[in-house]
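Visitor: Have a look at this fold, sequence not included:
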């Protein structure tokens, strides 16, 4: 997987304070497609923040194979795992996104890339 410097002069510093709402998307991507996917994802996540009301920022993480998740146990070392965090202004903003935009985005991603295994969850910072 390609990687850029962890922090460049133009990289925002993300801080999460109590009550911060995070919409998390987890992706399982075939290793042979990950470089192309990450090029697309970098633009996509920035566009989401710029166009979706209440989406304040995004961060993209790579992760080792998640252990203990049965639905990933048969993938071996053929996948790269990516997690995206979107900081969202409120539950109302997130609910509106999930109702009006997310279904079309998920369908478009599946049609374009044909390989995504995706899970989503919402996190709220406690402290």
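Guide: Yep, that arrived. Nothing here was measured: the structure is a model prediction, and the numbers come from that model.
Visitor: helix, strand or coil for residue 18?
Guide: Here residue 18 is recorded as coil under DSSP: H, G, I helix; E, B strand; the rest coil.
Visitor: Tell me, what's the model's pLDDT at it?
Guide: At residue 18, the model reports a pLDDT of 91.
Visitor: quick one: it from residue 45, how far?
Guide: 24 Å (Cβ to Cβ, to the nearest Å). For the C-beta atoms, the positions are set from N, CA and C on the backbone; glycine is no exception.
Visitor: Neighbour count for those two, which is higher?
Guide: Per other Cβ atoms under 10 Å, whichever of residue 18 and residue 45 has more neighbours is residue 45, with 19 against 8.
Visitor: count of residues packed around the nearest residue to the more buried one once chain neighbours are set aside?
Guide: In this structure, residue 45 finds its nearest non-sequential neighbour in residue 58, 4.2 Å apart by Cβ to Cβ, 6 or more residues apart in numbering. Residue 58: 21 surrounding residues under other Cβ under 10 Å.
Visitor: secondary structure class for residue 58?
Guide: Applying three-state DSSP: residue 58 is strand.
Visitor: Enumerate every residue touching it.
Guide: Applying Cβ atoms under 8 Å, 6 or more residues apart in numbering, we find residue 58 in contact with 45-46, 48-49, 84-87.
Visitor: Would you state the strands of this structure in chain order?
Guide: 21-30, 55-63, 79-88, 117-124 (DSSP state E).
Visitor: Can you say which of the contacts of residue 58 are buried?
Guide: By neighbour count, with 16 or more other Cβ atoms under 10 Å, those hold 45, 48-49, 84-87 as buried.
Visitor: Closest one to residue 103 out of those, please.
Guide: Set against residue 103, the nearest of these by Cβ to Cβ is residue 48 (14.6 Å).
Visitor: got a list of what that closest one touches?
Guide: 55, 58, 86.
Visitor: tell me the pLDDT at it?
Guide: 92.
Visitor: I figured residue 88 hits residue 24, correct?
Guide: No. In this structure residue 88 lies outside contact range of residue 24 using Cβ atoms under 8 Å: 10.6 Å.
Visitor: Which of the two has more residues huddled nearby?
Guide: residue 88 (24 against 14).
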